[in-house]
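S.K.: Provided below for reference: sequence and predicted model.
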Amino acid sequence: MDLLLFLVKKQEVDIYDVNMTELAIQFLEYVEVMKTLDLDLAGEFIVMASTLMYIKSRELLPVDQQVEYDNEEDIEDPRWELIRKLVEYKRFKDVAGDLQKLEFEQEKVYTRLPGSIPLDPLPMDNRLEASIFDLIGAVDRVLQQYFYREAAKREIVDDQWSISEKIVVIRRRLGVAGQLRFSELFDEAGSRGEIVATFLALLELVRLKQLLAMQSEVFGDIDIVVAPVEMQRIVPGEHNTDLVESL
């Protein structure tokens, strides 16, 4: 449902006016990118993809060729059933967002203590935190550029990178620069495998709240910044590369 809301927002239309055919196409494109990145897809993604394909097939079929039922009132339109669930889900997401804003405001309130309270400046300013789907879309563009660039070379590169090694590289680069454009993380990537390893390492660091993926506007360019110390989680001895929970 998060991916559906993300795609509806990209269409810049009311949920009730969304183009289901376009929504199905975009949803399947994101699923294909996830497969390319070797991300484990939860069953909900597969079920939703099937539902969207069914709705798309119904909309594409000419009216005079659609199956007629004896009692149309007993047949629930899957399109409106999905929209109803999407609207209900959006309400819960909006309420959760409002509660999170109240939590952030409450965190700015401090009881009086002796002396001054040192605070690390938040790097977010008025920016928005990019979603997992913003990141997947961005890395898909990086992969497409790499494929076009390497098509003429036709070189076989032996991938040597692991996610743990890329985590070290990213932390070192951000430790020096403090902030990088998303695309800059892949400037020196020499293969598809290195791009994927870099992306998975980035997701792990974002999950651990060591890094933040920020946007100045919705669907805008993504900046990767070091998270404030108080937000960061302790890095475990071995990094968890199971990214299902990130999705």
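M.R.: Perfect, thanks for sending it.

S.K.: Identify the residues contacting residue 36.
M.R.: 140, 143, 196 (Cβ atoms under 8 Å, 6 or more residues apart in numbering). To be clear about C-beta, it is placed using only N, CA and C from the backbone, and glycine gets the same treatment.

S.K.: Retrieve the pLDDT associated with it.
M.R.: Residue 36 is assigned 80 on the pLDDT scale.

S.K.: residues in contact with the helix or strand containing residue 176?
M.R.: Residue 176 is part of helix 163-177, with elements assigned from DSSP states H and E. For helix 163-177, the external contacting residues (Cβ under 8 Å, 6+ apart) are 180, 185, 194, 197-198, 200-202, 204-205, 210-211, 224-226, 238-239, 241.

S.K.: still on that earlier bit, who wins on neighbours among the contacts of residue 36?
M.R.: For the contacts of residue 36, the largest neighbour count, defined by other Cβ atoms under 10 Å, is 21 neighbours, found at residue 196.

S.K.: Please, which helix or strand holds that one?
M.R.: Residue-wise, residue 196 maps onto helix 192-207 under DSSP H and E.

S.K.: after that helix, next one along is what?
M.R.: strand 211-215.

S.K.: and the angle from the helix or strand following that following strand to helix 192-207?
M.R.: Next along the chain after strand 211-215, taking DSSP H and E as the criterion, comes strand 222-226. Inter-element angle recorded for strand 222-226 and helix 192-207: 60 degrees (by axes from the mean of the first three to the mean of the last three Cα atoms, to 10 degrees).
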